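> How does the following fold in three dimensions:
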Amino acid sequence: MQKTTTASPATTFSRYQKIVVALLAFLQFAVILDFMIMSPLGAVIMPALAIGPAQFGVVVSAYAFSAGISGLLTAGFADRYDRKKLLLFFYTGFILGTVWCGLAQSFEALVMARIVTGLFGGVIGSVVLAIATDLFAPAMRGRVMGLIQTAFAASQVLGIPISIYLSNRWDWHVPFLALAAFGLVGGLVVAWQMEPVDAHLGKPQDHSPWMHLYHTVKVPHHLLAFATTALLTMGGFMLMPFSSAYIVNNLGIDMQHLPTVYLVTGICTIFTGPLIGRVADRRGRFPVFVFGTIVSMVTVVVYTQLDRISLPALIVLNTVMFVGIFSRMIPFQAMAASIPPPGQRGAFNAISASLQQLAGGVASVVAGHIVSQGADGRLVHFDVIGYLMVATAIGALLLVRRLDRHAAAAH
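So this is what the prediction gives:
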């Protein structure tokens, strides 16, 4: 008698939940695109500002380090306010920082603009994840994370090709100004449509924000999750900032065809992201994570040792590589979302985002010193980045295995 032809409310999105997922995905889209466009624009920004890979690594890491610091500073307060108000506050600062990036005329000004953008933008992702976890049951979180992660793919399908076009048509400042204008409209919709997210305010709280931070950090399985986040981030931050310069200078794909690489890859990952989340909910998050780790390691090693390659072959390889990356990030985010109790969720996500950014900043600086540019423009030692990514992937796999065992024991 318990079987029914209709889906269970616990696993079906309500109309409002669909709206929330769309809004959260948009916010992720804006924040991810702000970081992602640094990669394809790197091939333009470096000659325009007369800087090398090491200095460009500083530009990328400036955002990451400031985002990491702001995450740690706000972690103790993250569960003390309505999450919607917190989200809109930091999103406003992020938009203003993006405008500054679009007005920067020197290396120093761009670094300062990236610092300000990171101070605000680095917290948004953690608040988005806290809201998603508050509003969706555990059985739905794989799909929710998969849908939110489509923002990453959408940034490639829409944002990156358009950014490259705007940069080629005018200059590299225009994509930042366009993102700020587009993001402002989206922020106004969020303010209008999203209801307050304040159910966690009824939970017991530490009197001191710093004690709240301490009590969140000291939990052993929280520390495991934080370490995993750092390792997952490091590989991507070493690889992504220099990908456009590598594709153009090493693989022989010209700037006019570069948007096609991101466009086709993004279209494929838009469809695979929700599918990966659905499979993770049904088949288990750890098996999907193992699959993603294996695919990522193989494709990254192949990718970082390429010479000249045809455009179709690069698109196929790039798509498979991103499927592997998504197959790690989506199940891990769904797994991590269930770790902290509601009263520590904001602090946990803020610390996690902070460590993610700090680890990414370190990785960008390290990669900037490993990779060098030859007289012909080719990047040298890029294969070393691939080996380092494999090492971080193996470490993350071992930690996720322990987290999965802890989750199984808890149930």
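> these two touch, right, residue 291 and residue 327?
Yes - under the criterion of Cβ atoms under 8 Å, residue 291 makes contact with residue 327 at 5.5 Å. Bear in mind the C-beta positions are built from the backbone N, C-alpha and C, glycine included.
> Which parts of the protein are strands?
Along the chain, counting by DSSP state E, strands occupy 372-373, 379-380.
> So which of residue 291 and residue 327 has more stuff around it?
The neighbour count for residue 291 versus residue 327, taken as other Cβ atoms under 10 Å, is higher for residue 327 (26 against 18).
> that older thread, for residue 147, which of the strands of the chain is the nearest?
Across the strands of the chain, residue 147 has its closest neighbour in strand 379-380 (34.6 Å, Cβ to Cβ).
> which residues make contact with that closest one from outside it?
The contact list for strand 379-380 (Cβ atoms under 8 Å, 6 or more residues apart in numbering) reads 53, 242, 245-246, 249-250, 371-374.
> neighbours around residue 47, how many?
Burial of residue 47 is recorded as 10 neighbouring residues (other Cβ under 10 Å).
> Check the spacing between it and residue 373 real quick.
To residue 373, residue 47 is 11 Å away according to Cβ to Cβ, to the nearest Å.
> returning to that earlier point: top of the contacts of strand 379-380 by number of neighbours, please.
residue 242 (28 neighbours).
> Excluding covalently adjacent residues, which one is nearest to that one?
Nearest residue to residue 242, sequence neighbours excluded (Cβ to Cβ, 6 or more residues apart in numbering): residue 371, at 5.7 Å.
> and that neighbour, what does it touch?
Counting by Cβ under 8 Å, 6+ apart, residue 371 touches 53, 242, 379-382, 385.
> Now rank the residues you listed by neighbours and give me the top one.
Neighbour counts for the contacts of residue 371 (other Cβ under 10 Å) peak at residue 242, which has 28 neighbours.
> And the pLDDT for that residue?
At residue 242, the pLDDT value in this model is 74.
> from memory it sits against residue 42, does it?
Yes - judged on Cβ under 8 Å, residue 242 makes contact with residue 42 at a distance of 6.7 Å.
> Could you measure from residue 30 over to residue 185?
Distance from residue 30 to residue 185, by Cβ to Cβ: 10 Å.
> and if you look at residue 48?
In terms of Cβ to Cβ, residue 48 sits 28 Å off from residue 185.
> Check residue 228 and give its pLDDT.
So, for residue 228, pLDDT stands at 87.
> just the one 3 residues further on next, same as before
Looking at residue 231, its pLDDT stands at 86.
> One more: residue 98?
For residue 98, pLDDT reads 89.
> Pass me the low-pLDDT residue ranges in the stretch 51-200 of the chain, would you?
Filtered on pLDDT under 70, the stretch 51-200 of the chain yields the residue ranges 75-80, 138, 141-142, 149, 152-160, 198-200.
> again, but for the stretch 201-350 of the chain
For the stretch 201-350 of the chain, the stretches with pLDDT under 70 are 201-214, 241, 342-346.
> And the helices in it?
Assigned helices in the stretch 201-350 of the chain, in chain order: 209-217, 220-239, 243-249, 258-283, 285-303, 311-337, 345-370 (criterion: DSSP state H, counting those that start in this stretch).
> From residue 74, how far out is the residue nearest to residue 27 when sequence neighbours are not counted?
Distance criterion Cβ to Cβ, 6+ apart; nearest residue to residue 27, sequence neighbours excluded, is residue 128 at 5.7 Å. Using Cβ to Cβ, we find residue 128 at a distance of 14 Å from residue 74.
> who touches both of residue 30 and residue 185?
Common contacts of residue 30 and residue 185 (Cβ under 8 Å, 6+ apart): none found.
> Give me the more crowded residue out of these two.
The neighbour count for residue 30 versus residue 185, taken as other Cβ under 10 Å, is higher for residue 30 (24 against 9).
> List the buried residues of stretch 360-377.
Of the residues in stretch 360-377, 360-368, 370-371, 373 count as buried by neighbour count, 16 or more other Cβ atoms under 10 Å.
> Repeat that for stretch 388-395.
Buried residues in stretch 388-395, counted by 16+ other Cβ under 10 Å: 388-390, 392-393, 395.
> one step back: got a markdown table for the strands of the chain, with distance to residue 107 and mean pLDDT too?
Shown next, in a markdown table, are the strands of the chain (distance: least, Cβ to Cβ, whole Å; pLDDT from 0 to 100):
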| stretch | distance to residue 107 | mean pLDDT |
| --- | --- | --- |
| strand 372-373 | 16 | 76 |
| strand 379-380 | 20 | 82 |
